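In: Here is a sequence with its predicted model. Questions after.
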Amino acid sequence: MSENLTIEILSAKCGTKPERITVERIGGLIFIRGTINVSNPCHTIKISEEINKEKRMLKIILNVRRLKKICIECLANIEFLIKMNRYHYRRLFNAQNCLLRLEYYYRGKVGVLYDGEFEL
C-alpha cells in the first residue's frame, strides 16, 4: 500500500478465535491488531483504503486470499497487525477523528470488524 498504511501477518494457524480488533496508539502510529477466521492457514491479506474527505470517512479493506500451495485442512485464524501513520490521516481529514469502517472480503463474504467514530 504505502508507508501510511501497512499490514503484517503475525500468524496463520489452525483453530478459530473471535473475530475482533484491538487498537493501540503509540506516538505517531496507530496499531490495529485483529483476527479473521479462514478455512485453512494458507492465506494472506492484501490491504487497501477508500477515502471520503467530505464525510471524513476512511474505509480499510482487507482482501483475504488463499496462497497457492498445498495446505493442511483445518479451520484456522489469521492474526494481523495494521500500522497507520496517524498524522497523515489527521492532515488528510483536517481533524482529530474520522469515521472508520474496517472490513474484510473472504470467499464472497463481507465481514465488518469495526464501523464507527475513530480517534486519529
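Out: Great, that's in hand.

In: ok, residue 35 - how many residues close by?
Out: Neighbours of residue 35 under the rule other Cβ atoms under 10 Å: 18. All C-beta spots, glycine's among them, are computed from the backbone N, C-alpha and C.

In: dump the residue contacts of it.
Out: By Cβ atoms under 8 Å, 6 or more residues apart in numbering, the contact set of residue 35 is 17, 18, 19, 20, 77, 78, 79, 80.

In: Need the pLDDT of the fourth one.
Out: Looking at residue 20, its pLDDT stands at 94.

In: Report the separation between the residue of the chain positioned farthest from its centre and residue 41.
Out: No residue in the chain sits farther from the centre than residue 70, which is 25.6 Å out by Cα atoms, centre = their mean. Relative to residue 41, residue 70 is positioned 12 Å away (Cβ to Cβ, to the nearest Å).

In: taking the contacts of residue 35 one by one, which sit in strands?
Out: 77, 78, 79, 80 (DSSP state E).

In: Buried among these? Need that as a selection in ChimeraX.
Out: A single ChimeraX command is used to select the members of those judged buried by 16 or more other Cβ atoms under 10 Å:
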select :77,78,80
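
In: Of the ones in strands among the contacts of residue 35, which is the nearest to residue 61?
Out: If you rank the ones in strands among the contacts of residue 35 by distance to residue 61 using Cβ to Cβ, residue 80 comes first, at 12.9 Å.

In: quick revisit: confirm the residue farthest from the centre of the chain sits in a strand?
Out: No - applying DSSP: H, G, I helix; E, B strand; the rest coil, one finds residue 70 to be coil, outside a strand.

In: I'd like the distance between it and residue 39.
Out: Counting by Cβ to Cβ, the gap from residue 70 to residue 39 is 14 Å.

In: what's the answer for residue 66, then?
Out: Distance, residue 66 to residue 39, using Cβ to Cβ: 8 Å.

In: What of residue 103?
Out: 19 Å.
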